[in-house]
Every structure is written in structure tokens, then in C-alpha cells.
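>>> Just to be clear, the model below is a prediction. Sequence and coordinates:
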Amino acid sequence: MREAHATANAAQPRSPRLPRGIALAWGRLRSLWQRWFLWLLLAVLVLVLLSTVVWLAGRHEVEQVQAALDRDTADAVVDLRASLQRNVQSLRATQPGTVDSPQWISAADALLREHREWLRIEWRDEALRPIAAVDTPYRPRLLPEQSRGAGQSDVATACAAARELGGPAYSSSHYLPAVEAGGMEVMELCVPVEGGYLVASHSLRDVLLELVGPTLKRRQEVAFTEIDGTRLVAVGTSRRTGTRIFTSQQQVDLPGNPLMLRVDGWRAAPDLFPNVLTALVTAVSIALISVLVLLALDTRRRLRVERDLADSLAFRKAMEDSVVTGLRARDLQGRLTYVNPAFCDMVGFTADELMAVGDSRGSDARGDASGESGAPYWPTELAHEYQRRQTLRLAGGVPPREGFESVFMRKDGTRFPVLIFEAPLINAQRVQTGWMSAFIDISEQRRIEELSRATQERLQASARLATVGEMASHLSHELTQPLAAIASYASGSLNLLEQAGGAGADRDVAMAVRRIAEQAERAGHVIRSVHDFVRRRDRTREPVAPQALIDAVLPLVQLQARKLGVRIELALEEQLPAVMCDRTLVEQVLLNLARNAMQAMDAPGTRERVLRLRVARVVRVGGAESATIDEAGDVRRWLEFAVADIGIGVSDDVASQLFTPFFTTRADGMGLGLSLCRTVVEQHGGALVFEANRPRGTVFRFTLPVA
Ligand code: ADP
């Protein structure tokens, strides 16, 4: 049926000019025709066969009737000949020539009483002149005496023939008109005897009545005809209407007269069921046709079921192909019997490759349960362990696994974690035929889990940092007072020393105390900037001099710079305008960039460590012109801040992810610094970019609008 569909579909493009509706109808007609053609052929053949059989049966019957009639006719002819033969003998027994005339007459008379078919017996001499004659007692005299002369032609021909044959001979029949009885056909018999002839005149009608069997006459019409078919006399039943005629003819072949016996039989027109044979054949035919019809119905039902089955199979296939879960079925020997496309995609092998290995392994497994190689998606280092587990499971000792984690290997050798759900495969007879497993590739899940774990750790780290910040704020607050006390005590001591006058030793002490005051001042300055950095919460934009921004972060930068041995170089253009910014955020940007730069130079072999901070009117950076037109139509000018180092530089790999949150190459890094910096700069309308420094290192530049 599917073939028929396919042909129907294929036929469509061949008649592109036909309207779609007609093409569809044509295709349907074709498929219908192809589907029913064989059935039609079969039905026609059966019909032809049956009608042939019925026709043959009818014909057989007709032939049988005809044969029976022929048989009857032949029997009648034989009987007739024998009777006529006997008659000749009886005639001879009258012994003409040896008896006198009256004696012969009485013998002949006796004979005529016995034989009704005879009209008259004559005894004639050699020259055919009548010697004596006797007429039948059953009829009035028909043959006039004067017509029975020696020259009578019928008798003459019969006797001439008899003489010639040397035995009895018959004349051809002739019609004898009679006044009362309406005339009759008469045939002469001439028998040569001692010194003359005996002539017997036969009434042909009586010959039929007397000598041809009475049974024959009752059912048929019996007639004598001439050789050309001319009917002479006939007796028996005449034809009934609605009947069919059967005819049989046979030559009686009397010496001198080629007489024919014709028998016409009638039978009713053949019935629909003329006999048992035909009835039987018809019954069988009806049975055959019924079986044919039942068969056709059955085929139709089967076709429908087949179509439904194909539909549901296609649906199942589509389902299996579209699920993202890998599916695998194995038989009880552990041989792979089915894998879905998702499984193949997961492990990178084609279904054929997996099956091929499964087959060869299955045959191994029968011989040796610990057959080594294992499935192609088993990691080589774990194959042994997996094999052991599988053998155990196939032995039936282990319950089905649910949500079991394992590691598989792709065709390219990479490993990946999978989650396995396994269940016994039960067939329609409720017998376990194998195992069905579903696989979920959990590598992505693992990656996300890993990422969230790292994020979690960094969050904890930043929480710790916040605490440190908090503590630093307290610390700075606590330290301000002792530092202020130290400073005032120092200046008090200085005043006292100055009042006491300037001796050499005192000058030295004054010098030392001045230094103490200076250092206390400086420590207070550092502490204040830490406090400011941690505490300041205002988010307002204000005009800030670039120098002020640098000065605010410099103490903190110097803290780290001193530790790492980094020299700081400042380069600020003369008379720079103030920038419009949120100073806390911009300070943090500067601090981050400076810290990153110093960390980049913290590699062991780096001898020269210089951090350059530059502020200049911008020429062109990151596509931003030195002057742009803002929304209000005013010309905006920009300042560019650059932080340059001569550290390890940024590789291409790192460069592509530099601004991605949480991307870091440092063990203790958060990976948030640069992404925050960019956000801050962009919030101010500027741009943050980086490029390689010459001869090495990196330069980060960002722009801020002039106030
Ligand atoms: P963190 O400093 O916490 O790692 P950042 O976002 O500030 O996070 O930096 C991300 C990464 O960018 C750093 O781990 C480092 O690899 C790289 N990077 C930043 N600045 C520089 C620089 N000046 N030179 C070389 N690499 C740098």
C-alpha cells in the first residue's frame, strides 16, 4: 500500500499543468486502481472459470441426451433389420412351387394375419405374372388388381434387384392414394423362390408401428426418410412447445432401398440446474465467491490495521528521534539492540558503529564474560570496572539503577559525566528481555554548579573584604585620636624646645620632634583617606580637579607600591579643567587599574617596576572625539586618564574575557574589578579601553567629561 502511495506521489510532478485538485484525485484514483486491480482480475477469472464450468456441465448433459438417442436409434435399426430378415424367412416358409395354389393361399393368409405391416402377398412366375395373391384381412383392399400386372414398375425394379443380388430386395417406396383412408406409402419386397418370386407389399407406417419398439415411439417421433431427407411416414409424439429438439438419423440400408430411420426426441429447455453436477459446481462457485468476498474484507481490514500501525510507528520514531535524552536498549546478554539519535550525538559514534561493537562483544561475552574491550564509549581507564559491574548486573544480582552517575567517553576521547536511569525491558508476555537505559549528559549542569561554587567562594571573600573594610574604618577612627595626640604632643614639645633656646643638642631634638609631627601628620592623612574610601556613600556628581582624584588614591596606591617595589610616575598636564564625576567611584576605578597594573608587574623576574599615571586633554580615545556635542547641544570636552604598566601584558585569550564578570587569572582574584570599572566609566558617558604598552605591559585608558 505504501508503494502505491509512493507511485501516486511520484506521478504528481509528471503532470505539473494539471490543477492540484485534479492531480490529487488522479493520484487517488491510480492508487485505488492499483490496490484493487488484482482483486478485480481474480474476480473476473473466477467468474470466467465458473461460467465455463457451468456451460461445460450443460453441454455434457446435452451430449449425453444425444448419445442416448443415437444409441436408441441404432438399436431400433438393428431390431428393424432383424425383424425384416425374419419376415423374409416366414415368407419363404410358405413354400411356393412345392404346394398348389389353394394351399399357398391359406399359408399366406395365415402369415398376413400375423404381420399387420403387410398389405398383400403375391406369388409370381419368372415373367412376374401373378400366380396367386392374398390381401391383408385388416384393411379394405387397397391395391387394385389391374395395377398389379407383370409390368408394374416398383415390383419389376425390386425383382430385378433381387435377381441381381440372388436374395431378397426392396423397391423404393411409392405413394398409394386411397379414397377412404387417405393413402399411404408402400414399399415392395421381392424374394426370388423356386420358379418365380414372392412379392410382399409393406405399409411403411405399419412397419414403423409394428417393428420399431413401442417405447421408442412413445417418447419420440420416429420417421422413415429418403436419403435426401424427404419424410415418408412418421409415427409417435409430435413436438411440444418450449422444448429442445434432438435428432438422430441412421440408414436402415435395405437391399435395393437406401431407407433412413430418423428419430426426433424432445427435452424441456435445459434448467439452470439441470443435474447434480451442475448444482454442485454452482454451489462450489457460490462458496468460492463468498470466500473471495470475505478475503477482500479481511484484506481491507488488514490494510487499515497496517496503516494505523505504520502511523503509530512513525509517531514513535519521531518521538524517539526528537527527545534529548539518550536511549539505549540491551538484551540479557548485554548486547546493544537499540540506540536513539540523541545517544549517538552524545557519544559521537554512529548507531552502526555502536551496534557493530555490541555484536562482536556480545559473541565474546558468551564465551568469556570478562571480555575486555567493553563499549566504545567507556573510558579506557574505567572499562575494567564497568565490565565487572555489567557482568554483575547481567547476572541479576543488582536491582535497577536510578539516577546513577557515571562517566562516558566521546569518540574524540573527551570524558563527560552522565546521569543514568535504568529499568528492565519487559515484553508483551511480561518476560524480561533486556535493559532499557536513559542517559542525560550532565556536563553543562556540572559546569554551572562549578561556576556557582566559585561565585559563592568569591562572594564569601568579598564579604570578608567588606568586614576588613569595616574594621579598617573603625581602625582609622580609633587611630585618629592617638595620632592627633602624638601630633599635638610633638608640637607642644617643639614649642617648649623653642622657648628653651637653640643649643646644638636641643636643635637635634627639635629636628626629631618635627619629624615625629610630620610623620604623625602623614599617618593621619593615610588613615583619613582609608576612612574616606570606605565610608563615603554619596553618589553625587561634582566638578573634581584631576589632581584631587589622584591625590585621594595615591596614599593607598603607595601602600601597595612600596610593598612590591614599584616606582610611581605622575604626569598631569598644566591647568587641567575639573571633570564632572562621582569622585568615590572614579577613585575606585583609578585604584583598581593601578592595583591591576602593579600586580601585572609582580612576576618574579621583573626588575624594573614602573607605574605611570597620566592625565591629559584627550585627543581621541575609543572612538570618542576630543569634543563631542551632547544632547543639549553644548560642546563637551574630555579628559583622558591612563594607567600604564610594564608587566606581563594581556594575552589574546585573556583579552577576549577581560571585562567578563568573575573572570580572573589570579588565585585570590574576584574578577569583578574591570567589569565594575567599565560600568562606572560608561555611566559617566566615557569609554574604557586597553592596549599593549611599548615595549611591554598594558595601558588602560578611560575618559571623563570636563565639567
Ligand atoms: P581581578 O583583579 O580580581 O582578577 P579584574 O577584573 O580586575 O579582576 O581583572 C581581571 C583579569 O584581567 C586579571 O585577573 C588579569 O589577568 C587581567 N588584567 C587586568 N589588568 C591587567 C594588566 N594591567 N596587565 C595584565 N593583565 C591584567
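That came through fine.

>>> By residue count, tell me the biggest strand in this structure.
With secondary structure taken from DSSP state E, the chain has its longest strand at strand 415-426.

>>> who does the following helix or strand past it pair up with?
Following strand 415-426 in sequence order, the next helix or strand is strand 432-441 (DSSP states H and E). Looking at strand 432-441 with DSSP bridges, its paired strands and their directions are strand 326-331 (antiparallel), strand 415-426 (antiparallel).

>>> Looking at those strands, which one is packed in the most?
Of these, the one with the most neighbours on average (mean count of other C-beta atoms under 10 Å) is strand 326-331, at a mean of 20. The way it works is simple: take the backbone N, C-alpha and C, and place the C-beta from them, glycine included.

>>> Could you export that strand as CSV, CA atoms only?
Taking C-alpha atoms only, strand 326-331 is exported to CSV below (Å, rounded to 0.1, in the frame of the first residue of the first chain):
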residue,chain,number,x,y,z
GLY,A,326,19.9,9.4,25.2
LEU,A,327,18.1,6.0,25.0
ARG,A,328,19.8,2.6,24.8
ALA,A,329,18.4,-0.9,24.9
ARG,A,330,20.4,-4.1,25.7
ASP,A,331,19.4,-7.7,25.6
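
>>> where does the stretch 551-700 of the chain have low pLDDT?
619-636 (pLDDT under 70).

>>> How about the residues of it by the ligand?
592, 596-597, 600, 645, 647-650, 654, 658, 663-666, 669-674, 698 (C-beta under 6 Å from any ligand atom).

>>> If we use 5 Å, what do you get?
Counting by C-beta under 5 Å from any ligand atom, the positions of the stretch 551-700 of the chain adjacent to the ligand are 596-597, 600, 650, 664-666, 669-671, 673-674, 698.

>>> about what we covered before: other residues contacting the longest strand of the chain?
Counting contacts by C-beta atoms under 8 Å, 6 or more residues apart in numbering, the residues outside strand 415-426 that touch it are 326, 329, 346, 379, 400-410, 432-443, 446.

>>> what's the answer for stretch 513-523, then?
Outside stretch 513-523, the residues within contact range by C-beta under 8 Å, 6+ apart are 479, 483, 486-487, 490-491, 493-494, 497.

>>> returning to what we had before: let's see if you can find the most crowded of the residues of the stretch 551-700 of the chain next to the ligand.
Ala597 (27 neighbours; other C-beta atoms under 10 Å).

>>> Now do the contacts for that one.
Going by C-beta under 8 Å, 6+ apart, Ala597 touches 611, 643-645, 647, 697-698, 700.

>>> same thing but at 6 Å, please
With contacts defined as C-beta atoms under 6 Å, 6 or more residues apart in numbering, Ala597 is in contact with 611, 643, 645.

>>> If you count neighbours, what's buried in the helix or strand harbouring the first one?
Using DSSP H and E, Leu611 maps to strand 610-617. Going by neighbour count (16 or more other C-beta atoms under 10 Å), the buried part of strand 610-617 is 611-615.

>>> what two of those residues have the greatest distance between them?
Spanning the widest gap among the buried residues of strand 610-617 are Leu611 and Val615, at 14.0 Å by C-beta to C-beta.

>>> Of the strands paired with strand 432-441, which is nearest the ligand?
Closest to the ligand of these is strand 415-426 (C-beta to the nearest ligand atom; 28.1 Å).

>>> mean confidence score for that closest one?
Confidence for strand 415-426, expressed as mean pLDDT, is 89.

>>> With stretch 495-512 instead?
With pLDDT averaged residue by residue, stretch 495-512 scores 76.

>>> Give me the local confidence score for the closest residue to the ligand within the stretch 251-400 of the chain.
Going by C-beta to the nearest ligand atom, the ligand is nearest to Pro379 of the stretch 251-400 of the chain, at 33.2 Å. According to the model's per-residue confidence, Pro379 sits at a pLDDT of 89.
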